[in-house]
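Chemist: structure of the sequence below:
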Amino acid sequence: MSGQTDSVTPSSEAVGGAHCLSLAGKVALVTGNSTGLGKEIGLVLGRAGAAVPVNYFNNRERAERAVAEYEAAGVRTMLLKADATCPADVDRMVSEIEAQFGSVDILVPNATCEQPLRPIEEYDWEFYQSMIDFFLKSPFLLTKRTLPAMKQRRYGRIINITSEVFHRAVSPFSAYVAAKGAQIGWSRSMSQELAPFGITVNMVAPGWVPVERHETDPPEMKQSYFSLIPAGRWGVPTDVANAVLFLASEQAGFVNGQTIAVNGGMTAWM
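Modeler: Reported below is the predicted structural model:
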């Protein structure tokens with residue numbers, strides 16, 4: 001990217017700053033948080049006082065590095081290998097968290113898989129199903145498993161990481177966009193169902209925030225997207241994490257069924 005692009009991109013430290021939102025005594029489950037946006041979400045919630053396990057499925061070495069980073073930041077954590085789309089794994093993971101830290105107060109379904117842009121002729125149903133599994137089945141399984149304790153305490157925060165792609169109708173990206181649309185609809189319905197129990201269900205919809213898995217993306221694609229960002233800078237993971245922190249906090253107790261778009265104004269008119 002150009003020097004101008006770099007000059008208007010703040011560091012994570014500058015964006016994060018000191019938090020006045022406390023999660024002391026809370027337990028947060030952020031799936032797929034050994035890397036990318038998930039890792040930063042977990043770090044921000046942990047620095048605010050929550051216990052935050054590191055969940056991974058494929059890359060243990062990377063997850064161990066994330067645990068070390070969490071511990072260096074003073075975050076109470078543990079390492080948990082689990083497939084967030086597998087009922088047995090979800091049940092075991094939550095049981096281990098409960099044994100170590102107590103019941104989950106804050107749930108952030110974040111785990112994902114590869115998301116290639118392809119015309120519909122190049123997709124098969126197996127890939128469509130994988131998108132549905134990550135963005136609908138996983139939040140369903142995680143919510144169902146953590147919900148009894150939330151209902152008993154009459155307190156809970158469920159924050160789904162959706163995407164601007166649904167609102168922008170990004171193409172050729174039909175499998176991902178369709179699954180994100182289903183996730184948004186599910187979240188909105190759940191927000192109404194769970195509100196009487198003191199449980200909020202909200203969404204954070206990031207724009208394109210370059211993280212590790214975007215390192216090999218074509219420069220021309222990045223430049224094309226960057227030219228559309230009204231804020232004139234790239235988003236950084238802490239931008240997304242701070243939105244999650246607000247929704248996870250006591251201060252957001254009357255915010256429910258809402259989507260916070262973290263994309264520098266890309267969808268302001270939608």
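Chemist: what residues sit buried inside stretch 182-196?
Modeler: 182, 183, 184, 186, 187, 188, 190, 191, 194 (16 or more other Cβ atoms under 10 Å). Any C-beta I mention is one placed from the backbone N, CA and C, and that applies to glycine too.
Chemist: show me what the helix or strand hosting the last one is packed against.
Modeler: Which is residue 194. For residue 194, the host element (DSSP states H and E) is helix 174-194. Packed against helix 174-194 by the contact rule (3 or more Cβ pairs under 8 Å, 6 or more residues apart in numbering; DSSP states H and E) you find helix 125-132, helix 138-153, strand 156-161, helix 165-168, strand 199-206.
Chemist: now render these as TSV, adding distance to residue 69 and mean neighbour count.
Modeler: What follows is the helices and strands packed on helix 174-194, written out as TSV (distance: least, Cβ to Cβ, whole Å; neighbours: other Cβ atoms under 10 Å):
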stretch	distance to residue 69	mean neighbour count
helix 125-132	29	15
helix 138-153	23	18
strand 156-161	20	26
helix 165-168	29	20
strand 199-206	21	24
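Chemist: make CSV out of these and add distance to residue 118.
Modeler: Listed next are the helices and strands packed on helix 174-194 as CSV, based on distance: least, Cβ to Cβ, whole Å:
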stretch, distance to residue 118
helix 125-132, 8
helix 138-153, 22
strand 156-161, 22
helix 165-168, 14
strand 199-206, 21
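Chemist: export the ones you listed to CSV and tack on distance to residue 88 and mean pLDDT?
Modeler: Formatted as CSV, the helices and strands packed on helix 174-194 follow (distance: least, Cβ to Cβ, whole Å; pLDDT from 0 to 100):
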stretch, distance to residue 88, mean pLDDT
helix 125-132, 18, 95
helix 138-153, 10, 98
strand 156-161, 21, 98
helix 165-168, 30, 89
strand 199-206, 25, 97
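Chemist: how about the ones you listed, which one is nearest residue 52?
Modeler: strand 156-161 (13.2 Å; Cβ to Cβ).
Chemist: how far does the closest one sit from its chain's centre?
Modeler: How far strand 156-161 lies from its chain's middle: 9 Å, per Cα atoms, centre = their mean, to the nearest Å.
Chemist: residues contacting the closest residue to residue 256 other than its chain neighbours?
Modeler: Nearest residue to residue 256, sequence neighbours excluded (Cβ to Cβ, 6 or more residues apart in numbering): residue 200, at 4.4 Å. By Cβ atoms under 8 Å, 6 or more residues apart in numbering, the contact list for residue 200 reads 156, 157, 158, 191, 194, 247, 252, 253, 255, 256, 257.
Chemist: could you pull up the residues touching the fifth one?
Modeler: Neighbouring residues of residue 194 by Cβ under 8 Å, 6+ apart: 147, 150, 156, 158, 200, 201.
Chemist: how about the strands in the chain?
Modeler: Applying DSSP state E to the chain gives strands spanning 28-30, 54-56, 79-81, 106-108, 156-161, 199-206, 259-262.
Chemist: and the second one, which residues are buried?
Modeler: Same thing as strand 54-56. So strand 54-56, judged by 16+ other Cβ under 10 Å, has buried residues 54, 55, 56.
Chemist: could I get those as JSON lines with pLDDT and distance to residue 165?
Modeler: Putting the buried residues of strand 54-56 into JSON lines (pLDDT from 0 to 100; distance: Cβ to Cβ, whole Å) gives the following:
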{"residue": "54", "pLDDT": "98", "distance to residue 165": "27"}
{"residue": "55", "pLDDT": "98", "distance to residue 165": "24"}
{"residue": "56", "pLDDT": "97", "distance to residue 165": "25"}
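Chemist: between the residues you listed, which is nearest residue 269?
Modeler: Nearest to residue 269 out of those is residue 55 (Cβ to Cβ; 36.1 Å).
Chemist: thanks again, I'm all set now.
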